[in-house]
Each structure stands twice: as C-alpha cells, then as structure tokens.
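**Q** Pasting the sequence and the predicted coordinates here, then a few questions.
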Amino acid sequence: MIPSVDREAHMETARTVTVASGDSLQRVFVLRNADNVSLPVDRLVLEAGSMADVTIVVMPGVSCDLSLTVDLRGNDARCSLQGVCLCPGDEKVSLSVLLNHNMPSCTSSQLFKSIAGGSSRVNFSGRIVVARGAQKTDATQESHSLLLSDSAKVDSKPQLEIYADDVKCSHGSTIGRLNEDEQFYMRSRGITHHEAKVLQMISFLSPVFAGIPESAVRDQILEETEAAVRRM
C-alpha cells in the first residue's frame, strides 16, 4: 500500500474511519497481487467541514470484491473518490460504492475507470443517496470503461436517490473501445501500433490520478500504472 497522508483522522472501529470536524484524510490503496484483495476500511464517516480524498487502484492479476460506504454526516463535508481497474486476463473485479449525503451543503465527486481485456469481468455499482433536508448537495459520479477484447465484459450501475429539492446531482457511465481513428493518426506519424494503444490507455486513465494531492505518490502510481498498461 502506498503511504497515506492523514491528519487527526481516527479509527472508530477496525473497519470504519471517522474524519473529525475540520480535518482531512488522503489515502491511496493499491491492490497488486492475489494476497491483497480487500480494502483496510469499508466505511468513512465525515464530520462537519472535513475532507476525504481516496484513490483505489486494482492492478492486473487481482480479482476482488470491494465495497465502500461514505457517510457525510456534518455540514460542508467534502469527499472525492476515484479509482482504476486494470484487467487484461481472466480477473473478476467488483466495486460497490454507497455515498450518503445526510446533511446540507456537502460535496462529493466520484470518477472510476476500468480497462478490461481477455475474458475479464468488471462490475461497478455506485449509489448516491441524498437525504430529506440535505439541501445544497453537490454530487457527481462517473464510470467509464474500455473493452480490449470481445470476450471481456463490464457492467456499470450508477444510481441516484434524491429526497431533497435544492440539489445538484449527476451521474454518467460509458463503455467503449479504443479509437481506431486516433490510432491511425498516430501511426501515420511514425508511432507504432502498440505504442499508440498504450498512449490512448494512459490518456484515458490520467484524469483519475490528477486528483492525487501528493506529487511523489502520484508520480509513483503513474509510473507503476504505465508499466502495467504496457504489459497488457
């Protein structure tokens, strides 16, 4: 696991992290092998004015079933979740996120991207619940995937449950393939077919890593991810 950065966040139970009012939590979780197939936490609780930034990276060769619940239970809490799944073989990856907006004026953003090849299976289920009275909520959720083979499969289920009337909420999901016109353009300028596809995949994933606040951690993850993509 990449070293985490946090300040004053404390463990409420073995599987729950509470971020106290006004404090922040930034963590990157990287699953690299078959012995590392779960997250160290399954619930985040954010108090008033607190912030959490969590990145999840699933490397090739890892099959896992991950779930994370986030409870925004204080005004003006902010949460950013992002993740990448690289599945070039027969991996089976499932990610489920439940994000509860319980109080007014809270903000959340989610961005998850996956690349599936071989006979792999990727499932994403994202649910945002805006409670009655949680006015001024601002919540976004995006899930985007690339298929590298005809036998790979991706299922994406974005969901919104809104019980307040003064909110800004959106979700989106796309599943597609590498753009052949872009590949042709790069090949016409001397870039090999393999390198053109690598550049497309790295460009596809890069917005997820742009949000990692620690530059040293971000550079390490980018280097490791690029190496993995080149082997796909």
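**A** All right, it came through fine.
**Q** I'd like the distance from stretch 222-232 to the chain centre, please.
**A** Taking C-alpha atoms, centre = their mean, to the nearest Å, the mean C-alpha location of stretch 222-232 is offset from the chain mean by 17 Å.
**Q** Kindly apply the preceding question to stretch 108-124 instead.
**A** 9 Å.
**Q** What's the end-to-end length of it?
**A** Counting by C-alpha to C-alpha, to the nearest Å, you get 17 Å between the two ends of stretch 108-124.
**Q** Surely residue 144 and residue 173 touch.
**A** Yes - using C-beta atoms under 8 Å, residue 144 is in contact with residue 173, at 7.3 Å. All C-beta spots, glycine's among them, are computed from the backbone N, C-alpha and C.
**Q** Just want the phi and psi numbers for residue 199.
**A** Here is the backbone geometry of residue 199 (degrees, to the nearest 10): phi -60, psi -40.
**Q** Excluding residues flanking it in the chain, which one is nearest it?
**A** Spatial nearest neighbour of residue 199, excluding adjacent residues (C-beta to C-beta, 6 or more residues apart in numbering): residue 186 at 6.8 Å.
**Q** Are we agreed that the one you found is in a helix?
**A** Yes - looking at residue 186 with DSSP: H, G, I helix; E, B strand; the rest coil, it is inside a helix.
**Q** Neighbour count for residue 144 and residue 173, which is higher?
**A** Each of residue 144 and residue 173 has its neighbours counted (other C-beta atoms under 10 Å); residue 144 has more, 21 against 17.
**Q** Contact partners for the more buried one?
**A** 112, 113, 114, 173, 174, 175, 204 (C-beta atoms under 8 Å, 6 or more residues apart in numbering).
**Q** Need the buried ones from the residues you listed selected in PyMOL.
**A** Those of those that count as buried under 16 or more other C-beta atoms under 10 Å are selected in PyMOL with:
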select buried, resi 112+113+114+173+175+204
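**Q** Please flag which of the contacts of residue 144 sit within helices.
**A** Among the contacts of residue 144, the members found in helices (DSSP state H) are residue 204.
**Q** Turn the contacts of residue 144 into JSON lines, columns for distance to residue 191 and pLDDT.
**A** Shown next, in JSON lines, are the contacts of residue 144 (distance: C-beta to C-beta, whole Å; pLDDT from 0 to 100):
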{"residue": "112", "distance to residue 191": "28", "pLDDT": "97"}
{"residue": "113", "distance to residue 191": "23", "pLDDT": "98"}
{"residue": "114", "distance to residue 191": "25", "pLDDT": "98"}
{"residue": "173", "distance to residue 191": "30", "pLDDT": "95"}
{"residue": "174", "distance to residue 191": "25", "pLDDT": "96"}
{"residue": "175", "distance to residue 191": "26", "pLDDT": "96"}
{"residue": "204", "distance to residue 191": "16", "pLDDT": "97"}
